[in-house]
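Colleague: starting from these lines, generate the structure:
(2 chains)
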Amino acid sequence: MRVVGVDGDYPVEQPGLVFGATEIGNDWSSARTVLLEAFRLTQQTVLAGEPVVYVVSNDDLLGRNGPGSAAVAAGLLSAARTAGIELAKTPVSINVLAIDDGVTIEQVKHWVLALLAGQGPQGNLMHLGPSHLGKTLS
Amino acid sequence: MKKTVLVTGAAGGIGRAICRRLGGEGWVLVPTDLSPELAGVVGELEEEGVAAHPVEANLATDEALADLAAQLADLPPLELIVNNAGITRDARLVNLKEEDVAAVLDVNLGAPFRLIAHFAPRMETGSIVNIASRAYLGNFGQFNYSMSKGGLVGMTRAYALALAPRIRVNAIAPGLISTEMSMAIPQDVREKMVAAIPLGRMGDAAEVADLVAYLAGPGYITGEVIVIGGGRSLSR
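Modeller: This is a model prediction of the structure:
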């Protein structure tokens, strides 16, 4: 397993990509760098027939931390939806986990591993924490 | 009092319709585009009695933004930006080239990102409308385009919060619109696409322009993305 930008002790022998983008600078150059890295790693992982999970911040999806981090979080979500459509007839999954401030590393790991297990979710956004409730749909 | 609108991607089908609509409402038009076809668009507008101050430039550079700012200095206050410029470089994710991801991100997301950062501090009040795409919800063969338009939607939310209450910022996500770009799709493919649209037709660029004009006016909407797609977001 390849784990980028996410803390935690993940089982390296398990296939897949965990791509975290929760601490992004608010200039275009930073956002561009992260999105291009996400593309490169996602393509490599999908070509290897392995699953992908993007980890983003709920606050970023709602634009609360500035334009750079919002562009990355929402851009990854849209990219995952398109990849999910393209991968719909394969066993390879790609999903997005959006986390609230304050969730624990163990909570994130639990749900990342569940999404990597690929028991049906495809191109989905899963929220960890309640901060999205009553807010705009991402 | 006269006020100025900046429209990027003005030489394309939707850009032209936006210019025509806003020009007809009395806005001072600053249409921009990389394409030399911009001159033809300006000619059409002038025939309709609408004056324009065209800027043929790549707004992805700091120099071009500075030049544009200098030209705007002689015009009435800038109160509306329409980020409409966009390109596609379609391929399935597994076949996509990195340079095509970078190109689409730079034009569709980087340019409006930098344009707003440059000009919003100079606007006393007004509105920004970002032309996204229904592809932000996902669309086969458009990983890079979806990423760019989703990013634009996210950026819209962030700027809406950052610039409130002075400036409202919204996004429009068009579906299949009748333009030169969509008419280049093979007819049999296009017919299948139309068959999946509950309203049974492609949208018209003028209908997108109507929505831009609505969001340009005073209102209570900010940080939203409005899909104009004939119901395609619901059908199979």
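Colleague: use CA for all of it now, contacts and neighbours both
Modeller: Will do.
Colleague: against B:L161, how distant is the residue most central in space within chain B?
Modeller: Centroid check for chain B by Cα atoms, centre = their mean gives B:N84 as the closest residue, at 1.7 Å. For B:N84, the distance to B:L161 (Cα to Cα, to the nearest Å) stands at 21 Å.
Colleague: one more: B:F140?
Modeller: As defined by Cα to Cα, B:F140 lies at a distance of 31 Å from B:L161.
Colleague: higher neighbour count, those two?
Modeller: B:L161 (21 against 18; other Cα atoms under 10 Å in any protein chain shown).
Colleague: what's the residue nearest to B:A209 when sequence neighbours are not counted in contact with, if anything?
Modeller: Nearest non-adjacent residue to B:A209, counting by Cα to Cα, 6 or more residues apart in numbering or on different chains: B:I18, 4.5 Å away. By Cα atoms under 8 Å, 6 or more residues apart in numbering or on different chains, the residues touching B:I18 are B:V7, B:A10, B:A205, B:A206, B:V208, B:A209, B:D210, B:V212, B:A213.
Colleague: list the buried residues for whichever strand or helix holds B:I18?
Modeller: B:I18 is located in helix B:13-24, with elements delineated by DSSP states H and E. In terms of neighbour count (16 or more other Cα atoms under 10 Å in any protein chain shown), helix B:13-24 has its buried residues at B:G13, B:I14, B:G15, B:R16, B:A17, B:I18, B:C19, B:R20, B:R21, B:L22, B:G23.
Colleague: and the angle for the next helix-or-strand element following it with helix B:13-24?
Modeller: Sequence-wise, the next helix or strand downstream of helix B:13-24 (DSSP H and E) is strand B:28-33. If you take axes from the mean of the first three to the mean of the last three Cα atoms, to 10 degrees, strand B:28-33 sits at 170 degrees to helix B:13-24.
Colleague: re earlier: off-centre distance for the helix holding B:I18?
Modeller: Chain-centre distance of helix B:13-24: 11 Å, with Cα atoms, centre = their mean, to the nearest Å.
Colleague: with just CA atoms, put that helix into PDB.
Modeller: What follows is helix B:13-24 as a C-alpha-only set of coordinates in PDB (Å, rounded to 0.1, in the frame of the first residue of the first chain):
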ATOM      1  CA  GLY B  13     -20.200  29.800 -28.200                       C
ATOM      2  CA  ILE B  14     -21.100  30.400 -24.600                       C
ATOM      3  CA  GLY B  15     -18.700  33.300 -24.300                       C
ATOM      4  CA  ARG B  16     -20.300  35.100 -27.300                       C
ATOM      5  CA  ALA B  17     -23.800  34.600 -25.900                       C
ATOM      6  CA  ILE B  18     -22.700  36.000 -22.600                       C
ATOM      7  CA  CYS B  19     -21.200  39.100 -24.200                       C
ATOM      8  CA  ARG B  20     -24.300  39.600 -26.400                       C
ATOM      9  CA  ARG B  21     -26.600  39.400 -23.400                       C
ATOM     10  CA  LEU B  22     -24.600  41.600 -21.000                       C
ATOM     11  CA  GLY B  23     -23.700  44.100 -23.700                       C
ATOM     12  CA  GLY B  24     -27.400  44.400 -24.400                       C
END
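Colleague: so B:L65 makes contact with B:A117?
Modeller: No. B:L65 lies out of contact with B:A117 (Cα atoms under 8 Å); the separation is 10.5 Å.
Colleague: quick one, which of these two is more surrounded?
Modeller: It is B:L65, of B:L65 and B:A117, that has more neighbours when counted by other Cα under 10 Å, with 18 against 15.
Colleague: OK, contacts around that one?
Modeller: Under the criterion of Cα under 8 Å, 6+ apart, the contact list for B:L65 reads B:L59, B:L115, B:H118.
Colleague: for PyMOL, what selects the buried ones among the residues you listed?
Modeller: Buried members of the contacts of B:L65, defined by 16+ other Cα under 10 Å, are picked up in PyMOL with:
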select buried, chain B and resi 59+115
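Colleague: dump the contacts of B:L65 to JSON lines, plus distance to B:G219.
Modeller: Formatted as JSON lines, the contacts of B:L65 follow (distance: Cα to Cα, whole Å):
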{"residue": "B:L59", "distance to B:G219": "29"}
{"residue": "B:L115", "distance to B:G219": "23"}
{"residue": "B:H118", "distance to B:G219": "24"}
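Colleague: chain A: which of the contacts of B:L65 is nearest?
Modeller: When the contacts of B:L65 are compared for distance to chain A (Cα to the nearest Cα), B:L115 wins out at 10.9 Å.
Colleague: need the contact list for the closest one.
Modeller: Applying Cα under 8 Å, 6+ apart to B:L115 gives the contacts B:L59, B:L65.
Colleague: just checking, it is part of a strand?
Modeller: No. Counting by DSSP: H, G, I helix; E, B strand; the rest coil, B:L115 falls outside a strand, being helix.
Colleague: any idea how far B:P121 is from it?
Modeller: Using Cα to Cα, one obtains 11 Å as the distance from B:L115 to B:P121.
Colleague: do the same with B:G24
Modeller: Using Cα to Cα, B:G24 is found at 27 Å from B:P121.
Colleague: B:A39 now?
Modeller: 29 Å.
Colleague: and the closest residue to B:H53 other than its chain neighbours, bridged to which residues?
Modeller: Using Cα to Cα, 6+ apart and skipping residues adjacent in sequence, the residue nearest B:H53 is B:V30, 4.9 Å away. Counting by DSSP bridges, B:V30 is bridged to B:L6.
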